[in-house]
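Undergrad: No letters, just coordinates:
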């Protein structure tokens with residue numbers, strides 16, 4: 001008799017798991033509490049759907065957070081190449097940009113969602129919407145079904161694909177973690193990840209909208225380096241965002257509970273400190289009356305240069321300078337020139353917290369990976385239960401890593417829940 005498999009959650013992992021289990025013969029019911037499937041999927045990659053990344057397979061774990069190695073064997077079975085081939089069979093060709101990020105050729109998330117839904121329907125998955133799961137049903141410690149707000153669904157296996165707590169407006173409110181705790185799983189503390197950071201400095205709002213390419217941002221606590229990223233970022237009304245900052249946020253989010261963290265930003269990482277000092281000295285030698293604003297502008301935008309001059313004024317105990325009475329390079333002593341160089345190479349920003357979960361792309365934390373089989377994604381505590389996607393304690397960087405993890409875990413969970421083996 002065919003396995004009866006219940007999928008809880010209609011996102012990327014759930015749709016993949018449902019289609020795969022049904023394709024190989026299981027009787028599959030997918031339960032989605034919302035009125036639409038794949039709402040979060042539609043938002044990924046700014047609506048373009050960044051499916052995966054062409055990063056070499058052996059490097060993938062380094063992009064999936066501190067527990068990324070858990071995904072190594074799974075990705076070897078269903079990684080980027082296999083995912084692209086899968087969507088090609090569904091009539092969705094893919095393209096990659098110069099950073100290895102893979103998108104549908106149409107660059108439309110809706111095309112991916114429609115293809116997944118059609119995959120499920122073609123495999124005869126029963127799609128049940130507007131049905132919230134209240135809990136998992138066990139007998140002798142084994143899954144026998146799920147209880148919903150409408151009825152009980154019996155099952156030989158259940159795949160949880162509810163998503164985490166991020167982007168709650170799409171329906172991800174963390175209820176999957178509650179269900180897993182109820183049946184004995186350990187869920188670590190949960191934090192927002194891939195989320196903008198909030199700064200302490202009041203002047204940060206003056207820089208809102210300024211964006212930068214290929215900077216280096218280093219995080220410190222009490223002079224100890226705790227993180228480093230390279231890439232693009234921008235200033236916001238209350239802090240920082242952009243790909244580099246989002247990637248760093250997943251690492252810093254749990255640490256911010258212990259207090260503020262200092263970031264230093266290198267706006268010119270290709271120029272060494274002594275080279276910059278020499279260039280500034282040369283500018284001063286050429287024109288002793290040179291305006292500090294003019295000296296800074298080859299290295300940073302005008303608005304940031306104005307902010308730096310203001311900070312120099314404050315640090316030096318001066319009144320504010322104006323265009324009529326600018327701060328001159330020859331007015332700076334050696335200590336102040338060092339501050340000027342630091343403003344380009346080690347610009348300090350104090351981070352106090354992240355933006356809230358509703359603005360986060362992923363959840364940091366989740367079910368402890370050692371409680372889950374790393375290829376089948378089956379629970380080591382509850383026979384018949386499978387755990388996928390963001391519910392796992394895996395939080396990847398931007399660039400397609402999280403969506404690939406969702407598809408990989410869903411594909412393999414669906415395969416094994418249906419009784420197949422590879």
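TA: Okay, I see it. Please read these numbers as outputs of a predicted model, since none were measured by experiment.
Undergrad: Low-confidence ranges, the stretch 1-150 of the chain, go.
TA: 1 (pLDDT under 70).
Undergrad: So which residues of the stretch 51-200 of the chain form strands?
TA: Assigned by DSSP state E, counting those that start in this stretch, the strands in the stretch 51-200 of the chain fall at 52-53, 94-96, 101-104, 126-128, 133-139, 142-148, 152-154, 157-160, 191-193, 197-199.
Undergrad: Mind listing residues that contact the first one?
TA: So the one you mean is strand 52-53. Residues outside strand 52-53 that contact it (Cβ atoms under 8 Å, 6 or more residues apart in numbering) are 63, 79-80, 83-84, 100-102, 399-401, 403-404, 407. From N, CA and C alone the C-beta is placed, and that goes for glycine too.
Undergrad: What count of nearby residues applies to residue 118?
TA: Residue 118 has 13 neighbouring residues, counting by other Cβ atoms under 10 Å.
Undergrad: give me every residue that touches the closest residue to it other than its chain neighbours.
TA: In space, and not counting its chain neighbours, residue 118 is closest to residue 90: 7.3 Å by Cβ to Cβ, 6 or more residues apart in numbering. Shown in contact with residue 90 (Cβ under 8 Å, 6+ apart): 115-116, 118-119.
Undergrad: about what we covered before: next step: the contacts of strand 52-53 restricted to helices.
TA: Residues of the contacts of strand 52-53 located in helices (DSSP state H): 80, 83-84, 401, 403-404, 407.
Undergrad: What is the most widely separated pair among those?
TA: Using Cβ to Cβ, the pair of the ones in helices among the contacts of strand 52-53 lying farthest apart is 84 and 401, separated by 14.9 Å.
Undergrad: Spell out for me which residue occupies the centre of this protein.
TA: The centroid of the chain falls nearest to residue 194 when counting by Cα atoms, centre = their mean (3.8 Å).
Undergrad: List the buried residues in stretch 345-357.
TA: Buried residues in stretch 345-357, counted by 16 or more other Cβ atoms under 10 Å: 345-347, 349, 351, 353-355, 357.
Undergrad: Repeat that for stretch 84-98.
TA: Residues 84, 86-87, 92, 94, 96 are the ones in stretch 84-98 that count as buried (16+ other Cβ under 10 Å).
Undergrad: Now do the end-to-end distance for it.
TA: Its start and end residues considered, stretch 84-98 measures 17 Å (Cα to Cα, to the nearest Å).
Undergrad: chain center to it, what's the gap?
TA: Mean-position distance between stretch 84-98 and its chain equals 22 Å (Cα atoms, centre = their mean, to the nearest Å).
Undergrad: ok so, going back, pLDDT for the buried residues of stretch 345-357 - can I get that in JSON lines?
TA: Formatted as JSON lines, the buried residues of stretch 345-357 follow (pLDDT from 0 to 100):
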{"residue": "345", "pLDDT": "97"}
{"residue": "346", "pLDDT": "96"}
{"residue": "347", "pLDDT": "97"}
{"residue": "349", "pLDDT": "97"}
{"residue": "351", "pLDDT": "98"}
{"residue": "353", "pLDDT": "97"}
{"residue": "354", "pLDDT": "97"}
{"residue": "355", "pLDDT": "97"}
{"residue": "357", "pLDDT": "93"}
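Undergrad: out of the residues you listed, which are inside helices?
TA: residue 345.
Undergrad: Narrow the buried residues of stretch 345-357 to those in strands?
TA: 347, 349, 351, 353-354 (DSSP state E).
Undergrad: Using CSV, please lay out those residues together with distance to residue 254.
TA: Shown next, in CSV, are those (distance: Cβ to Cβ, whole Å):
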residue, distance to residue 254
347, 25
349, 19
351, 13
353, 12
354, 10
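Undergrad: Closest one to residue 371 out of these, please.
TA: For these, the residue nearest residue 371 by Cβ to Cβ is residue 354; the value is 26.7 Å.
Undergrad: Show me what that closest one bridges to in the sheet.
TA: Judged by DSSP bridges, the bridge partners of residue 354 are residue 197.
Undergrad: Hmm, it is touching residue 199, no?
TA: No. The pair residue 354 / residue 199 is not scored as a contact, 11.2 Å apart, by Cβ atoms under 8 Å.
Undergrad: how about the helices of this structure, start to end?
TA: 12-23, 39-43, 72-77, 80-89, 109-122, 175-182, 243-252, 273-286, 292-296, 302-315, 334-345, 401-417.
Undergrad: Excluding sequence neighbours, find me the nearest residue to residue 97.
TA: Beyond its immediate neighbours in the sequence, the residue positioned closest to residue 97 (Cβ to Cβ, 6+ apart) is residue 103, lying 7.4 Å away.
Undergrad: Run a quick neighbour tally on residue 305.
TA: 21.
Undergrad: what's the pLDDT at it?
TA: Residue 305 is assigned 92 on the pLDDT scale.
Undergrad: One more: residue 417?
TA: Reported pLDDT for residue 417: 97.
Undergrad: and the gap between it and residue 4?
TA: Per Cβ to Cβ, to the nearest Å, residue 417 is found 10 Å from residue 4.
Undergrad: list the residues that contact both of those two?
TA: 26, 157.
Undergrad: So if I had to pick from the two, which one is more boxed in?
TA: A count of neighbours by other Cβ under 10 Å puts residue 417 above the other of residue 417 and residue 4, at 32 against 19.
Undergrad: Let me know whether the more buried one touches residue 3 as I believe.
TA: Yes. Using Cβ under 8 Å, residue 417 is in contact with residue 3, at 6.8 Å.
Undergrad: list the contacts for residue 212?
TA: Residue 212 neighbours (Cβ under 8 Å, 6+ apart): 232-234, 242, 265, 267.
Undergrad: now do residue 235
TA: Residue 235 makes contacts with 204, 207-211, as judged by Cβ under 8 Å, 6+ apart.
Undergrad: Please consider this matter closed, and thank you.
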